[in-house]
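A.B. asks: Quick one: sequence plus predicted model below, questions after.
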Amino acid sequence: LQALAARLTPEQKQQIVEQAQELQEAQEMEEDLSVLPTLELSDIPAEESPVPSREEKVERVALSWFDQPTNGIVYFSAQSEAAHIPADLRTFVPLFCALLPQIGAAGLSYLEMAERMSAATGGIRASASILESPQAMDAPHTVVTVRGKALRRNQDKMFAILTDLFTAPDFSDLTRLHTVINQVKTSMENSIPGSGHTYAARLAASQLTAGGKLREEWTGISQIRFIKEIAAKKPSELSDLAAKMQTLAGLLLGNEGMRCALTAEGEAFDSLRPALSAFLQSLNKAPATPATRDAFSPTSVRKGCAAAVPVSYVARIFRTGIYTQADAAPLMVLAKLLRANFLHREIREKGGAYGGLAGADPEAGLFSMLSYRDPQLTRTLKVYEQAVDWAVAGQFADEEIKEAILASFSDLDRPLSPSGKASREFNHQRQGLTLAMRQTFRQRLLAVDRKALQRVAETYLKQGWQDSSVAVVSGEEQLQKANAELGEAAFPIERI
């Protein structure tokens, strides 16, 4: 750059200055949005469309039947309680879910099981989830869900495979465990450049809510470190891990807290019942008494995490409140407003980052400001302060408020497949998020106005500034450079 600058004439330098001024003026210019076609709030459906289901007990297991136009495909979910898992095994739960569909079972090798799955199903997957309570902070509900799908003619084979996985999983092939664990490790490491902002947000939220703490433990940087440690072991050193996986299988698969969902055309329900009943009858239905957990106390944190990335991902997270409180709706609109009308301009257009984001999660009780692939770490931290002041001052047009409300509804009413609708409703049932609660939230969104936006910005962002948390995922060199500028506000640096 210095060599290039030395070759420029005074006229060329002046031209660059003028172009920079023109760019800044263009970025600050008010756009005439009236020329664009737009929706109105009156176009938003007043009520959420219900997703009907039929509830019953089959072999002492609670089951939800969802009649959906699935085009001959049967979708099945078995959701087991995980709140009773002892603390020393809890970190292993996501790894258990990754391994379960990729091992042998019932005397068959992993290759034989894989052949059965590929021949008769569209895949069997397991995942660990944290369902937040809509009526209480720091009361997350942890579950493990095993999902499978198959054509109606293959549903007997799908349930036979699930029976073998649930009743006789085999974690004894240590070489196979080593291979899968290293695949998981590589996948997680490769996800950092594309999801660095998500990892930073989870790290920042880890001490703000009980759900945030669990989410970081299961899906955050802590889990990456944990997997890397296990992946470094030789196959012969994994016997203890295999024993832990077998223990988790006994605790998780088919315990007495399990609930299931089946999604298909209603006309197929009777033909599905025999194989489904046989599967449910085979389960151990072991006790699932929730483990005692320590009381959670939120704490502000400031963390820097060094990774092999050339840019930064900067997150500031605020603790807000429960889904059913009146402020949850304006907070969601405020996030849309900040993202579209302030952070995008200041962080992406002016700061050169790939993205400047804001989000409000009314179920988790968290509000976030994030940057994505950001070359200006310290500048972004200042932009977040400016964003709060902008929101408190109410420096936004009525049209911008309307667009933010519409954007909020685009999230709520996003198109879902028939199986997706049933899956979302099943999770809502499990966490106690009723249709009446969702309808109230919908009405509150439509009623959001400028005063409500300014009030929640003042209450949760301005007054909550000192209690918020900041985390940065970045290259170590960038973190050290930022720390030299930040002085006493420097980030403690950890390594992945």
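C.D. replies: Yep, it's here. Numbering: from 1, shown residues only.
A.B. asks: what's residue 450 in contact with, if anything?
C.D. replies: Residue 450 makes contacts with 394, 396, 398, 401, as judged by Cβ atoms under 8 Å, 6 or more residues apart in numbering. (C-beta placed from N, C-alpha, C; glycine too.)
A.B. asks: Quickly name whichever of those is closest to residue 267.
C.D. replies: residue 401 (46.9 Å; Cβ to Cβ).
A.B. asks: Now do the SS call for the closest one.
C.D. replies: Three-state call for residue 401 (DSSP: H, G, I helix; E, B strand; the rest coil): helix.
A.B. asks: just residue 322 next, same as before
C.D. replies: Residue 322 ends up coil, using three-state DSSP.
A.B. asks: How many residues are close by it?
C.D. replies: By other Cβ atoms under 10 Å, 19 other residues sit near residue 322.
A.B. asks: Give me the phi and psi for it.
C.D. replies: Backbone torsions of residue 322, given as degrees, to the nearest 10, read phi -80, psi 160.
A.B. asks: Begin at 20, not 1, for the rest of this chat.
C.D. replies: Happy to do that; since the first residue is 20 now, the last one works out to residue 341.
A.B. asks: Quick check, it in contact with residue 385.
C.D. replies: No. Using Cβ atoms under 8 Å, residue 341 is not in contact with residue 385; the gap is 11.3 Å.
A.B. asks: got a list of what residue 488 touches?
C.D. replies: 223, 224, 225, 226, 227, 319, 320, 321, 322, 335, 336.
A.B. asks: Now with 7 Å, please.
C.D. replies: By Cβ atoms under 7 Å, 6 or more residues apart in numbering, the contact set of residue 488 is 223, 224, 226, 227, 319, 320, 321, 336.
A.B. asks: taking the mean pLDDT, what do you get for stretch 496-512?
C.D. replies: In this model, stretch 496-512 carries a mean pLDDT of 95.
A.B. asks: For this protein, which element, helix or strand, carries the lowest mean pLDDT?
C.D. replies: In the chain, no helix or strand scores lower on mean pLDDT, DSSP states H and E than helix 21-25, which sits at a mean of 79.
A.B. asks: Just the C-alphas of it, formatted as CSV.
C.D. replies: Coordinates of each C-alpha in helix 21-25 appear next as CSV, following Å, rounded to 0.1, in the frame of the first residue of the first chain:
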residue,chain,number,x,y,z
GLN,A,21,2.8,2.4,0.8
ALA,A,22,4.5,1.7,-2.6
LEU,A,23,1.2,2.3,-4.4
ALA,A,24,0.5,5.5,-2.5
ALA,A,25,4.0,6.8,-3.4
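A.B. asks: Can you name the next helix or strand after it?
C.D. replies: Per DSSP states H and E, the first helix or strand lying C-terminal to helix 21-25 is helix 29-47.
A.B. asks: Show me the contact partners of that next one.
C.D. replies: Contacts to helix 29-47, defined as Cβ under 7 Å, 6+ apart, come from residues 364, 368, 369.
A.B. asks: Endpoints of stretch 146-154, how far apart?
C.D. replies: Distance across stretch 146-154, first residue to last, is 25 Å (Cα to Cα, to the nearest Å).
A.B. asks: tell me which residues in it are buried?
C.D. replies: 146, 147, 148, 149, 150, 151, 152, 153 (16 or more other Cβ atoms under 10 Å).
A.B. asks: what kind of secondary structure is the fourth one in?
C.D. replies: For residue 149, the secondary-structure state derived from three-state DSSP is strand.
A.B. asks: Show which residues not belonging to stretch 204-214 make contact with it.
C.D. replies: Stretch 204-214 is contacted from outside by 218, 243, 246, 247, 250, 326, 328, using Cβ under 7 Å, 6+ apart.
A.B. asks: Tell me which entries of those residues lie within helices.
C.D. replies: The helices, defined by DSSP state H, take in 218, 243, 246, 247, 250 from the contacts of stretch 204-214.
A.B. asks: How far off centre is the helix or strand hosting residue 180?
C.D. replies: Per DSSP H and E, residue 180 falls inside helix 174-186. Relative to its parent chain, helix 174-186 has a centroid offset of 29 Å by Cα atoms, centre = their mean, to the nearest Å.
A.B. asks: next SSE after it?
C.D. replies: Note on helix 174-186: by DSSP H and E, the next helix or strand toward the C-terminus is strand 188-189.
A.B. asks: now the helix or strand containing residue 449: how far from the chain's centre is it?
C.D. replies: Using DSSP H and E, residue 449 sits in helix 437-450. Computed by Cα atoms, centre = their mean, the chain-centroid distance of helix 437-450 equals 16 Å.
A.B. asks: Quick check: which helices or strands does that helix pack against?
C.D. replies: Helices and strands touching helix 437-450, by 3 or more Cβ pairs under 7 Å, 6 or more residues apart in numbering; DSSP states H and E, are strand 80-86, strand 92-100, strand 143-150, strand 160-170, strand 278-283.
A.B. asks: Distance to residue 133 added to those strands, as CSV?
C.D. replies: Listed next are those as CSV, based on distance: least, Cβ to Cβ, whole Å:
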stretch, distance to residue 133
strand 80-86, 27
strand 92-100, 19
strand 143-150, 10
strand 160-170, 14
strand 278-283, 24
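A.B. asks: looking at these, which is closest to residue 356?
C.D. replies: In terms of Cβ to Cβ, the element of these nearest to residue 356 is strand 143-150, at 27.6 Å.
A.B. asks: Can you tell me the SS state at the nearest residue to residue 191 once chain neighbours are set aside?
C.D. replies: Take residue 191 and drop its neighbours on the chain: the residue closest to it by Cβ to Cβ, 6 or more residues apart in numbering is residue 261, 6.1 Å away. Of the three states, residue 261 takes helix under three-state DSSP.
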